[in-house]
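S.K.: Please find the sequence and the predicted model below.
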Amino acid sequence: METKAYNPYENMIAVLEQAADKLGLKQDEYETLKYPERELTVSIPVRMDDGTLKVFEGYRVQHNSARGPYKGGIRYHQNANPDEVKALAAWMSFKCAVANIPYGGAKGGIKVDPRKLSKDELIRLTRRYTTRILPLIGPDQDIPAPDVNTNGEVMGWIMDTYSMFKGHSVPGVVTGKPIEIGGSIGRAEATGRGVTIIAEKCLEDEGLDPKEQTYAIQGIGNVGGTAAAILYEEGKKVIAVSDWSGAVMKKDGLNIPEIREFLSDRKNCLKDYNGEGAEHITNEELLTCDCTVLIPAALENQITEENAGDIKAKIVVEAANGPTTVEADKILEERGILVVPDILANAGGVVVSYFEWVQNIQSMAWELDEVNQMLKKVMLKAYNDVRTMSKEKDSTMRMGAYMVAINRITTAGKLRGGPISMA
């Protein structure tokens, strides 16, 4: 039997419909959430270093603005496509609503393998993409941020290009910028830090001592790497980590600072790491290894109906967007494995992006302690809201998170008159 191709947009709609049904909503109350408010596809001509002209495809999707301006990252990936970006934009709407920050969701992407471009080519690509989406973005309109294969430096280029067109500096047009040009201290670590806050709270609620548990992290980029570093600093045992090249494992705990130092040279990857006692395993073996907490922090569609039956973790904390398919979710639920969904677990990045935006608007800079304390407060409040809803409706944490989000977005829509009032 042929396996059906994974479509993240269809995945999002399936979960949305289940959650709306559990909330007892009529179809016309949530129907608009299935569709983005605006989709833009752009062609991006770039003069390459060898003098040739290459045209790349880019996207910006704005999902819902009932609760505030659109917010969402921009990813550079060779597999970026409209359905993926639409799904990610919707997940951003739900994530902002779960965290109860005043944003709607958006997402952007360029179909490109950034490893194949020089820095100058990446700058030209980013600047031209910015001019293409410029009518849609702005600090009161749509605020991009880093995502897969983009970072603070790329946000700096976007901010500079936007500011050139406006004739004055507009730091609030993006978040995740370098601190020196209006970024927030603590933003780069925020998603990973939020994941560890949620993991610890979840373990405590399950009656488990966080210090006595083992952790496996798929993906040791910014999010997974930060989570691994924080867990290691807190004396917790990270027994497996991976990157695109493979994974390493050590039952009594890996030396995370050593691994991160090794990977700080972009030429290095984990398949070449030979730390003391580290055993090389596959990404698939990492996902199914014997650990208490599994943190998928890579791309979507990682835990599927093929491997969900082999997951040994007690708790899955989704640091990536959409790492678990709908079919896998059912299997994990039947097996009693607790899944903390992406729209709750990885909301730390957008929470501190919100703090950065507020600081830009007020022309102020907060201290790191203040940022981290506020992040913890918002994340724990979101966790408690979701836990309460899932218990009230006798559902999974994912359903609880979606119900909290849909309830907040549809309520905001009704209070604004709703879509049908424009008919």
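M.R.: Cool, the structure landed.

S.K.: Now do the same for V316: helix, strand or coil?
M.R.: Three-state call for V316 (DSSP: H, G, I helix; E, B strand; the rest coil): strand.

S.K.: Going forward, the N-terminal residue is numbered 700.
M.R.: Let's use 700 as the start, then, which means that last one is V1015.

S.K.: Could you check how many residues crowd around it?
M.R.: Residues within reach of V1015, counting by other C-beta atoms under 10 Å, total 26. (Each C-beta comes from the backbone N, C-alpha and C, glycine too.)

S.K.: wait, it sits on I1002?
M.R.: Yes - with contact defined as C-beta atoms under 8 Å, V1015 counts as touching I1002 (7.0 Å).

S.K.: shared neighbours, those two?
M.R.: Common neighbours of V1015 and I1002 (criterion: C-beta atoms under 8 Å, 6 or more residues apart in numbering): 995, 1023, 1031.

S.K.: helices or strands up against the host helix or strand of A1104?
M.R.: Under the criterion of DSSP states H and E, A1104 resides in helix 1096-1114. Under the contact definition 3 or more C-beta pairs under 8 Å, 6 or more residues apart in numbering; DSSP states H and E, helix 1096-1114 sits against helix 707-722, helix 726-729, helix 781-798, strand 1037-1039, helix 1041-1044, helix 1067-1091.

S.K.: now, of the ones you listed, which is deepest in the fold?
M.R.: Of all the helices and strands packed on helix 1096-1114, helix 1041-1044 has the most neighbours on average by mean count of other C-beta atoms under 10 Å, namely a mean of 29.

S.K.: mean confidence score for it?
M.R.: Averaging pLDDT along helix 1041-1044 yields 95.

S.K.: Quick one: the helices in the stretch 800-949 of the chain, in order.
M.R.: Ranges of helices in the stretch 800-949 of the chain, per DSSP state H, counting those that start in this stretch, are 818-832, 851-865, 889-904, 921-932.

S.K.: what residue ranges in the protein are flagged as low confidence?
M.R.: 700-703, 1118-1122 (pLDDT under 70).

S.K.: can I see the domain layout of it?
M.R.: Taking automatic domain parsing as the reference, the chain has its domains at 735-869, 889-1041.

S.K.: one step back: and of the helices and strands packed on helix 1096-1114, who's closest to T1109?
M.R.: T1109 lies closest to helix 726-729 among the helices and strands packed on helix 1096-1114, at 5.4 Å (C-beta to C-beta).

S.K.: The helix or strand just after that closest one versus helix 781-798: what angle between them?
M.R.: Later in the chain than helix 726-729, the nearest helix or strand by DSSP H and E is strand 737-746. Using axes from the mean of the first three to the mean of the last three C-alpha atoms, to 10 degrees, the direction of strand 737-746 lies 120 degrees away from that of helix 781-798.

S.K.: Which strands or helices does strand 737-746 pack on?
M.R.: Using 3+ C-beta pairs under 8 Å, 6+ apart: strand 737-746 touches strand 752-763, helix 781-798, helix 818-832.

S.K.: and the ones you listed as a markdown table, adding distance to M1102?
M.R.: Shown next, in a markdown table, are these (distance: least, C-beta to C-beta, whole Å):
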| stretch | distance to M1102 |
| --- | --- |
| strand 752-763 | 16 |
| helix 781-798 | 10 |
| helix 818-832 | 32 |
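
S.K.: between the ones you listed, which one is nearest to N954?
M.R.: Nearest to N954, of these and by C-beta to C-beta, is helix 818-832 at 30.9 Å.

S.K.: Just the CA atoms of stretch 1088-1100, as PDB, please.
M.R.: Provided in PDB are the C-alpha atoms of stretch 1088-1100 (Å, rounded to 0.1, in the frame of the first residue of the first chain):
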ATOM      1  CA  MET A1088      -8.800  23.000  29.100                       C
ATOM      2  CA  SER A1089      -7.500  19.500  28.300                       C
ATOM      3  CA  LYS A1090      -8.800  18.200  31.700                       C
ATOM      4  CA  GLU A1091     -12.100  20.000  31.400                       C
ATOM      5  CA  LYS A1092     -12.700  18.500  27.900                       C
ATOM      6  CA  ASP A1093     -11.000  15.200  28.700                       C
ATOM      7  CA  SER A1094      -8.700  15.500  25.800                       C
ATOM      8  CA  THR A1095      -5.000  15.500  24.900                       C
ATOM      9  CA  MET A1096      -2.700  18.500  25.500                       C
ATOM     10  CA  ARG A1097      -2.800  19.200  21.700                       C
ATOM     11  CA  MET A1098      -6.500  19.300  21.600                       C
ATOM     12  CA  GLY A1099      -6.400  21.500  24.800                       C
ATOM     13  CA  ALA A1100      -4.000  23.900  23.100                       C
END
